[in-house]
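Student: Can you look at this prediction? I've put the sequence above it.
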Amino acid sequence: MTATPIRARSMGTHLTRLDGHEKVTGRATYAAEHGFTLPERPLHAWLVTSTIPRGRVERVDASDALAHRGVVTVVDHTSARRLAKPDDAELAVLQDDAIAFRGQIVAVVLAETIEAAREGARLVRVHQTPADSAPQVVIEDGEPYTPEAANAGHEPDVVQGDVDAALARAAVTVDATYTTPHEFNNPMEPHAVTATWDGDTLTLWDSTQSVHGVAAVLGRALGLARGKTRVLAPYVGGGFGSKGLPHAPEMAAALAAFAADGRPVQLAVTRQQMFALTGYRTQTESRVRLGAEPDGRLVAITHDALSQTSRYKEFVEQTATAARMMYAADARSTTHRVVPLDVAVPAWMRAPGEMPGMYAHEVAMDELAVACGVDPVDLRVRNEPEVEPETGNPFNERRLVECLQRGADRFGWADRDPEPGSRLVGDWRVGLGMASATYPALFMPGNTARIRALGDQRYAVDIGAVDIGTGARTVLTQIAADALGVEPGRIELSLGDTALPKATVAGGSAGTSSWGTAIVLAAQQLRADHGDDPDAGVESSSTSEGYPDMENLALHSFGAVFVEARVHRWTGEVRVPRMLGVYSVGRVINPTTARSQLLGGLVMGLSGALFEDGYRDPRHGHVVTQDLATYHVASHADVGDLQVEWLDEEDTAATPMGSRGIGEIGIVGTAAAVANATFHATGTRVRALPVTADHFLG
Amino acid sequence: MDSTVTLTVDGTSHEVDVDTRTTLLDALRERLGVHTVKKGCDHGQCGSCTVLLDDRRHLTCLALAVAHDGATITTADGLGEGDDLHPVQQAFLNHDGYQCGYCTPGQVCSAVGMLEEVKQGHPSHVTDDLKADVDLDGDPDDSGMVDDEITERMSGNLCRCGAYRGIVDAIREAAGLEPRQDDARVEQEARP
């Protein structure tokens, strides 16, 4: 059985977040806040980490730590439980003496209080021997290689047509290199776990985007029988990708709890430790070449992306993939190269690939607009492809041009003097910039939903999904209500627990699409099995393996971002008083939560444009800017007047709800729009993020 | 070294044994089980642990519990009357001034404390005339930013979900200010 499209009644209308009351009072309980509900108070865990980038642990001397009052035990690589399958090097915590990066977990201290645990960790003496050969910790040190695949299975290289010939013939060319720095997810809730063993059963309250994913990965590595790992995540304080897959701290907590004699263990990763242990967006370097006719129509596009991975585990940011589908051109080449280093492994951060890739591509497009003397909005309209360039598949709902035109109208783009540096207000140079945005409509198979009739047209809906702040609890309730033809108040939705049916990760902007389709399918199955007025207690469950039309259609969301930037003529300070994003994202299921997600994407894009800059120490390989003072993320005062709107649409080719994902597209293109606005304000082209004041001085 | 301190938290008095190293934040969370105050950075950089300490907003991660014997603490959970939310909390719900909810109790406490500071006439870094009455609804400064008084005063509270716009709208409502120029339209769109 396949889900069929459902009629929108609650979908498309406002519904206040169902967990709002818990959140504004603080009663919502996150991963490190369950200890007081357990039969025994947890021991506090504190991580001890390596201080050299490559080498070996000779000896962990815990004598002083164990002598400190309150310290119970110290677990290291000689005492930790052995994993059944230590094949994921990131999760093979305390399994041997190898040090693969600075900041790696080399011991865990367990103590009765958090103060004793922290002091105990300070007292542990780790004797480390550096490797004979010098570590390689910055991208200039290493040799790039071609990966077998980039993140999400993308081909590393795709070539269409004769790029060199097309560029040689092109009337106008742009050839420039754009860089983005290491960026760190920094959800406000630090990664945290409460772990407890009961015989051979492991229970974790985890701050994760995927309870089933954590249970499967940790259970397999630990050699636990199926069903012996339970993971709960009733509330998660943000993730933005870093909580999409389990990282080393989750395994450390499980191993520490195994050594705790039946006591639960509570571990909160410190903000500083998060910079090494919970993933980040690698720095990227993109060489983009564009060849065009005099009127700006593209004849060639190349995007060669370089990024960094770790030597012990590979992660390849798919930086150049957006260039494969964004604009029309007969000749096109996109490549990915990575440099392996002795550093912590990068991972997912909101819109991996699209964020840095579209920054580069959309600044290059702005440069092309200037070179051709064509308006930047018109340039994009002129380069609309008829079919998806990479596959030749027809687009469903490619409404980029409408987003561009509506945004231009609303932002007052027509009044913009194209001459850079032409407007001065007081001591501020004022400019307007724009960029396009895109994100694929992804769908993850293998989600199961279970619906049980409670009588009187009330229904319990169970799915092991996670609400990390997206509003999933609320929008899945609306979807279930519409799928069953009842008011949302008649739905009791449960999520965030592996005791509930299997669900995929809150990631890839695919959560609502994938989980919602499973709920629709289960609702339709329930109606088929039990009719319109089922007796209390009957239930149906269904697993959604796919949805029609995803094979032969190119399904993407699109958007246009407009920015006003002001650059101070004497100090170079950059302010962004105004931003607008207009999006085509399918049906918006809850306009209130959707607006917040899109606004949040704009804020994170602005933050990446102007502030975020993880600086890696070239000798030791750790991130120096490892806190929220030195790694600044956008604060209240950095954010001006933000607006988002969306086109009225429903895309039933993408999902039976008519929706596509919205979690990531807000961050895509935004940094480019900011950078392009600063160029228009000043005439100075900045090709490196973040766009800081020093670029505009001298 | 251990000490015993008395803390009144959300109207309930507690005697609690603390280590001299114990922060007020850890005393609340780990000794008393009061998790309505959150730990985001433990370094005074994010604002998630903000409470009202003797009626002033305060970062509990930068306070030692032994230094606050006898203190009265109000967390977000203690702001309302019984089951009724405080007007600032209700405004956060009305304007979706949060997503994941982790920074939210701190934002709420900070907003309540900040509005009281304004009432008492405290100027901020962006207040032009230090002798004049303090006004949250002032003119945009010369960088063109609106709501600069509110955003300046709230900048100690980070929100990585980027709910700043909703938070400012919520504060405007709670402060009795006119909605922003397009706010009413937004509301209308959001609530058909």
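Tutor: Looks like it came in fine.
Student: Now do stretch A:421-441, average pLDDT.
Tutor: Mean pLDDT, stretch A:421-441: 97.
Student: could I get that stretch in PDB with only the CA atoms?
Tutor: Written as PDB, here are the backbone C-alpha positions of stretch A:421-441 (Å, rounded to 0.1, in the frame of the first residue of the first chain):
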ATOM      1  CA  GLY A 421      29.500  52.300  -3.300                       C
ATOM      2  CA  SER A 422      26.900  54.800  -4.500                       C
ATOM      3  CA  ARG A 423      24.900  55.300  -1.400                       C
ATOM      4  CA  LEU A 424      26.100  56.800   1.800                       C
ATOM      5  CA  VAL A 425      23.800  57.400   4.800                       C
ATOM      6  CA  GLY A 426      25.600  59.300   7.600                       C
ATOM      7  CA  ASP A 427      28.900  57.300   8.000                       C
ATOM      8  CA  TRP A 428      27.400  54.100   6.700                       C
ATOM      9  CA  ARG A 429      27.800  52.800   3.100                       C
ATOM     10  CA  VAL A 430      24.500  51.100   2.200                       C
ATOM     11  CA  GLY A 431      24.100  48.200  -0.300                       C
ATOM     12  CA  LEU A 432      21.600  45.700  -1.400                       C
ATOM     13  CA  GLY A 433      22.500  42.100  -2.300                       C
ATOM     14  CA  MET A 434      20.700  39.000  -3.100                       C
ATOM     15  CA  ALA A 435      21.200  35.300  -3.800                       C
ATOM     16  CA  SER A 436      19.200  32.200  -4.700                       C
ATOM     17  CA  ALA A 437      18.700  29.300  -2.300                       C
ATOM     18  CA  THR A 438      17.900  25.600  -2.900                       C
ATOM     19  CA  TYR A 439      17.700  22.400  -1.000                       C
ATOM     20  CA  PRO A 440      16.600  18.900  -2.300                       C
ATOM     21  CA  ALA A 441      13.300  17.400  -1.200                       C
END
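Student: May I see the buried residues of it?
Tutor: For stretch A:421-441, burial by neighbour count (16 or more other CB atoms under 10 Å in any protein chain shown) applies to A:421, A:423, A:428-441. For the C-beta atoms, the positions are set from N, CA and C on the backbone; glycine is no exception.
Student: after the lengthiest helix in chain B, next one along is what?
Tutor: Once chain B is assigned using DSSP state H, the helix that runs over the most residues is helix B:104-119. Using DSSP states H and E, the helix or strand that follows helix B:104-119 in sequence is helix B:148-153.
Student: Output the contacting helices and strands for that following helix.
Tutor: When contacts are defined as 3 or more CB pairs under 8 Å, 6 or more residues apart in numbering or on different chains; DSSP states H and E, helix B:148-153 packs onto helix B:104-119, helix B:164-174.
Student: Which of those helices sits closest to chain A?
Tutor: Closest of the helices and strands packed on helix B:148-153 to chain A is helix B:104-119, at 3.4 Å (criterion: CB to the nearest CB).
Student: any idea how far residue A:345 is from the residue nearest to residue A:314 when sequence neighbours are not counted?
Tutor: In space, and not counting its chain neighbours, residue A:314 is closest to residue A:147: 6.6 Å by CB to CB, 6 or more residues apart in numbering or on different chains. Look at residue A:147 and residue A:345: by CB to CB, to the nearest Å, they are 14 Å apart.
Student: These two: who's more crowded?
Tutor: Legend: neighbour count by other CB atoms under 10 Å in any protein chain shown for residue A:147 and residue A:345, higher for residue A:345 (24 against 21).
Student: which residue sits closest to the more buried one in space, ignoring its chain neighbours?
Tutor: residue A:310 (4.0 Å).
Student: Could you confirm residue A:601 falls within a helix?
Tutor: Yes. Assessed by DSSP: H, G, I helix; E, B strand; the rest coil, residue A:601 belongs to a helix.
Student: Was I right to think it contacts residue A:661?
Tutor: No. Using CB atoms under 8 Å, residue A:601 is not in contact with residue A:661; the gap is 11.4 Å.
Student: Who has more neighbours out of the two?
Tutor: Taking other CB under 10 Å, residue A:601 and residue A:661 do not tie; residue A:601 has more neighbours (33 against 26).
Student: hmm, back to that, so which of the buried residues of stretch A:421-441 also contact chain B?
Tutor: Among these, the residues lying close to chain B (CB under 8 Å from any CB of the partner chain) are A:428, A:430.
Student: out of the buried residues of stretch A:421-441, who's nearest chain B?
Tutor: residue A:428 (6.3 Å).
Student: Hmm, residue A:565 and the closest one touching each other?
Tutor: No. Taking contacts as CB under 8 Å, residue A:428 lies outside contact range of residue A:565: 9.4 Å.
Student: Next, show the common contact partners of these two.
Tutor: residue A:575 (CB atoms under 8 Å, 6 or more residues apart in numbering or on different chains).
Student: tell me the pLDDT at the residue nearest to residue A:345?
Tutor: pLDDT at residue A:310 comes out at 98.
Student: With the one 5 residues further on instead?
Tutor: As summarised for this prediction, residue A:315 has a pLDDT of 98.
Student: now the helices and strands packed on helix B:148-153 in JSON lines, with mean neighbour count and mean pLDDT?
Tutor: Listed next are these as JSON lines, based on neighbours: other CB atoms under 10 Å in any protein chain shown; pLDDT from 0 to 100:
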{"stretch": "helix B:104-119", "mean neighbour count": "24", "mean pLDDT": "97"}
{"stretch": "helix B:164-174", "mean neighbour count": "25", "mean pLDDT": "96"}
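Student: Domains in chain B, by residue range?
Tutor: Domain assignment for chain B by automatic domain parsing gives B:2-78, B:87-190.
Student: ranking these by mean pLDDT, which is last?
Tutor: domain B:87-190 has the lowest average pLDDT among the domains of chain B, namely a mean of 87.
Student: Now do residue A:239: how many residues are near it, please.
Tutor: Residues near residue A:239, counting by other CB under 10 Å: 31.
Student: actually residue A:506, sorry about that
Tutor: For residue A:506, using other CB under 10 Å, the count is 31.
Student: That one against residue A:469, yeah?
Tutor: No. Using CB under 8 Å, residue A:506 is not in contact with residue A:469, being 9.3 Å away.
Student: Find residues that contact each of the two.
Tutor: With the criterion set as CB under 8 Å, 6+ apart, the contacts of residue A:506 and residue A:469 do not overlap.
Student: beta partners for the residue nearest to residue A:345?
Tutor: Counting by DSSP bridges, residue A:310 forms beta bridges with residue A:341.
Student: Apart from its neighbours in sequence, what residue is nearest whatever residue of the stretch 201-350 of chain A ends up closest to chain B?
Tutor: At 3.0 Å from chain B, residue A:237 is the closest residue in the stretch 201-350 of chain A, using CB to the nearest CB. Nearest residue to residue A:237, sequence neighbours excluded (CB to CB, 6+ apart): residue A:189, at 2.3 Å.
Student: Residue A:402 now?
Tutor: Using CB to CB, 6+ apart, the closest residue to residue A:402 is residue A:647 (5.9 Å).
Student: Let me see the contact set for the one you found.
Tutor: Contacts of residue A:647 by CB under 8 Å, 6+ apart are A:399, A:402-403, A:406, A:582-584.
Student: swap in residue A:100?
Tutor: Contacts of residue A:100 (CB under 8 Å, 6+ apart): A:54, A:89, A:310-312, A:342.
Student: ok, the residue nearest in space to the middle of chain A to residue B:152 distance?
Tutor: What sits nearest the mean C-alpha location of chain A, by CA atoms, centre = their mean, is residue A:350, with 2.5 Å. With distances taken as CB to CB, residue A:350 is found 27 Å from residue B:152.
Student: quick one on the thing from earlier: what's the pLDDT at the residue nearest to the centre of chain A?
Tutor: Residue A:350 is given a pLDDT of 98.
Student: Doesn't it lie inside a helix?
Tutor: No. Under three-state DSSP, residue A:350 sits outside any helix and is assigned coil.
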